[in-house]
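Engineer: Got a sequence here, can you model it:
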Amino acid sequence: MLELRDIDVGYGQAQVLRQFSLNVEPGEIHCLMGRNGAGKTTTMKAIMGILPLSAGSILVGGVESNAVPAHKIPGLGIGYVPQGRRLFSELTVAQNLDIGLMAKGSNAGRSSKVLKGVLEVFPRLRERMEQRAQTLSGGEQQMLATARALCIEPDYLLLDEPTEGLQPSMIESIKQVAVKMRDRGVGVLLVEQHIKSVLSMADRVTFIENGRSRETVKPDDLRQDGTLLQKYVGL
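Structural biologist: Just a heads-up that it's a prediction; the model follows:
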């Protein structure tokens, strides 16, 4: 299990998360929802060690990860697809994937096997291995960012607004990947405002408000009670 226990996180003197708690089970898609500025992306960055905790703890499989340097977090089995993708735009698709493979440490045999599996998930990338990342379409860039995270064979996958700005066909492709990872036993933490996507694939939804975790519900609860979305997301 990926657990966040009463964490406080901020930027300098500005505190964003306050005693925030959340857990992601293996083999579930857990969606984090809230208004802009509520602390969703801050949560992701805290898990990845990009932002330090001022209180609380983060555990991966029962082991505290918040004392681990950020560059070693992927080695614990956490893949991260940040908002905006953050690809190495001047590098090729193949080189971006190589960076993902190296993040967990690879020998040639493992790299070849993992890369083959990733390209089976994203066959379109196989045709673009020598293209620079910056020449890809927005949807293809999202595929590449997700594929790079999958190269570490994560136990937990963090997806921050993966469908933002994508056309419907690409949104469906990203949804299918998230569901496929869940079916393989990967725990997925998803930040997403696309309500139809959330309702169609999430197992649980946690609402965050002013840096605090509020209610955790099932998608059926959202279908039956539209006031929850209005209360926490403004929809």
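Engineer: Residue ranges in the protein under the pLDDT threshold?
Structural biologist: 104-110, 235 (pLDDT under 70).
Engineer: Using the record's domain definitions, break it down for me.
Structural biologist: Domain assignment for the chain by automatic domain parsing gives 1-66+164-235, 78-153.
Engineer: what distance separates the start and the end of the last one?
Structural biologist: Start and end residues of domain 78-153 are separated by 8 Å (Cα to Cα, to the nearest Å).
Engineer: Skip the chain neighbours and tell me the closest residue to residue 194.
Structural biologist: residue 163 (5.0 Å; Cβ to Cβ, 6 or more residues apart in numbering). Any C-beta I mention is one placed from the backbone N, CA and C, and that applies to glycine too.
Engineer: ok, that neighbour to residue 28 distance?
Structural biologist: 19 Å (Cβ to Cβ, to the nearest Å).
Engineer: Please identify which of the two sits among more neighbours.
Structural biologist: Between residue 163 and residue 28, counting by other Cβ atoms under 10 Å, residue 163 is the more crowded of the two (23 against 17).
Engineer: for the more buried one, what are its contacts?
Structural biologist: Neighbour list for residue 163: 170, 171, 174, 175, 192, 194, 197 [criterion: Cβ atoms under 8 Å, 6 or more residues apart in numbering].
Engineer: in terms of contact, does the first one touch residue 141 like I think?
Structural biologist: No: under the criterion of Cβ atoms under 8 Å, residue 170 lies out of contact with residue 141, with a separation of 10.1 Å.
Engineer: more neighbours, these two?
Structural biologist: Using other Cβ under 10 Å, the more surrounded residue of residue 170 and residue 141 is residue 141, with 21 against 18.
Engineer: residue contacts, the nearest residue to residue 95 once chain neighbours are set aside?
Structural biologist: Spatially, and ignoring its direct neighbours in sequence, residue 95 is nearest to residue 88 (6.9 Å; Cβ to Cβ, 6+ apart). Going by Cβ under 8 Å, 6+ apart, residue 88 touches 95, 96, 99, 133.
Engineer: okay if I get those residues as JSON lines plus distance to residue 72 and secondary structure?
Structural biologist: Formatted as JSON lines, these follow (distance: Cβ to Cβ, whole Å; DSSP: H, G, I helix; E, B strand; the rest coil):
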{"residue": "95", "distance to residue 72": "22", "secondary structure": "helix"}
{"residue": "96", "distance to residue 72": "20", "secondary structure": "helix"}
{"residue": "99", "distance to residue 72": "15", "secondary structure": "helix"}
{"residue": "133", "distance to residue 72": "25", "secondary structure": "helix"}
